[in-house]
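J.: what's the 3D shape of this:
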Amino acid sequence: MQFVGYESSGPDADAALLVADDGDVERVPLAPGTDLAYTLGERRCAGVLTDDGHLDCGRDDAPYCAQHASTWVCAKCTGTCLKAEMDCLEPHAVYLAAFAPDTVKVGVTREWRLATRLREQGADRAAHLRTVENGRIAREQEAAITTEFTDRVRVPTKVRGLHRRVDDAVWADALAGFDPVATYDLDYGFSLDRQPVPATVATGTVVGVQGRVCCLERAGTTYAVDLRDLVGHEVTAEADGDALQSSFDAFA
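T.: Residues are numbered from 1 along each chain as shown. You can find the predicted model right below:
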């Protein structure tokens with residue numbers, strides 16, 4: 001078996017791990033209270049998911065080899081289209097997203113995907129600043145706003161704030177120069193009283209998932225797992241749930 005992908009939590013669905021076994025793919029929901037018990041083995045390319053299942057790849061590069069890696073060219077756009085033909089012609093939302101305690105980023109997405117995109121990132125608060133005609137205009141406006149706010153927040157920064165709340169003063173200052181269409185307080189269905197321990201493990205009881213960070217409780221300790229770091233690992237399901245130490249040993 002191999003972890004070959006993950007799904008972030010959405011407005012109407014729990015996050016999940018995708019586990020492939022001889023071409024078949026199982027969706028393992030990460031709802032709070034779910035018990036996971038997998039020992040992590042070697043990591044290699046996660047191959048390809050198709051409508052018919054999973055196509056394996058034996059290359060060592062992880063989570064994907066050069067043949068199976070994909071690059072979303074639009075992520076690099078600042079208003080000058082990098083494709084042969086511009087195709088982002090539907091309305092786009094320009095937004096700010098806040099991550100506890102005091103990180104604010106600017107982003108753009110297709111307007112109809114805004115709620116999903118915010119949850120994919122694990123934002124604590126957000127503001128829909130404006131809707132524009134197409135992706136090119138949105139990227140131009142995003143590029144202008146990056147003089148004040150970052151356009152990327154890395155997972156370790158998000159993990160350090162999982163047990164905290166957004167600083168109200170920081171958020172108020174961020175919004176001071178805008179007249180948002182709407183603002184959001186996002187709830188992921190769990191709370192922590194201390195910072196979780198970053199780890200790459202797949203054993204424990206799911207506390208909750210925020211963005212692509214899954215919090216697992218084991219023996220009184222809460223671990224923060226970047227789901228992308230699990231992709232590509234060969235795994236063994238443990239019937240007795242006693243896999244945590246061996247999972248750590250894989251990274252010693």
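J.: point out where the stretch 101-250 of the chain drops to low pLDDT.
T.: 239-250 (pLDDT under 70).
J.: strands along that one, start to end?
T.: For the stretch 101-250 of the chain, the strands defined by DSSP state E, counting those that start in this stretch cover 103-110, 125-132, 182-185, 197-198, 202-210, 213-218, 221-226, 233-237.
J.: out of these, which comes closest to Lys158?
T.: Within these, the stretch nearest Lys158 is strand 213-218; the backing value is 6.1 Å (Cβ to Cβ). Heads up, the C-betas are built off the backbone N, CA and C, glycines and all.
J.: Leu30 against Ala15, yeah?
T.: Yes - if you go by Cβ atoms under 8 Å, Leu30 and Ala15 touch, sitting 4.4 Å apart.
J.: residue nearest the centroid of this protein?
T.: A centroid search over the chain (Cα atoms, centre = their mean) returns Arg212, at 3.0 Å, as the residue closest to the centre.
J.: just the endpoints, please. Distance across stretch 101-115?
T.: 21 Å (Cα to Cα, to the nearest Å).
J.: do the same with stretch 53-66
T.: Taking Cα to Cα, stretch 53-66 runs 21 Å from one end to the other.
J.: for Ala37, which of the strands of the stretch 101-250 of the chain is the nearest?
T.: Nearest to Ala37 among those is strand 202-210; the distance by Cβ to Cβ comes to 5.2 Å.
J.: how far does the closest one sit from its chain's centre?
T.: On the basis of Cα atoms, centre = their mean, to the nearest Å, strand 202-210 sits 14 Å off its chain's mean C-alpha point.
J.: other SSEs contacting it?
T.: Other helices and strands packing on strand 202-210, by 3 or more Cβ pairs under 8 Å, 6 or more residues apart in numbering; DSSP states H and E, are strand 35-43, strand 213-218, strand 221-226, helix 244-249.
J.: need the helices for this structure, in chain order.
T.: Ranges of helices in the chain, per DSSP state H, are 114-121, 135-145, 155-160, 168-175, 227-230, 244-249.
J.: CA atoms only for the shortest one, dumped as CSV, please.
T.: Taking only C-alpha atoms (Å, rounded to 0.1, in the frame of the first residue of the first chain), the coordinates of helix 227-230 have been written out as CSV:
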residue,chain,number,x,y,z
LEU,A,227,-0.5,15.6,4.7
ARG,A,228,1.7,16.3,1.7
ASP,A,229,4.6,14.9,3.6
LEU,A,230,2.8,11.5,3.8
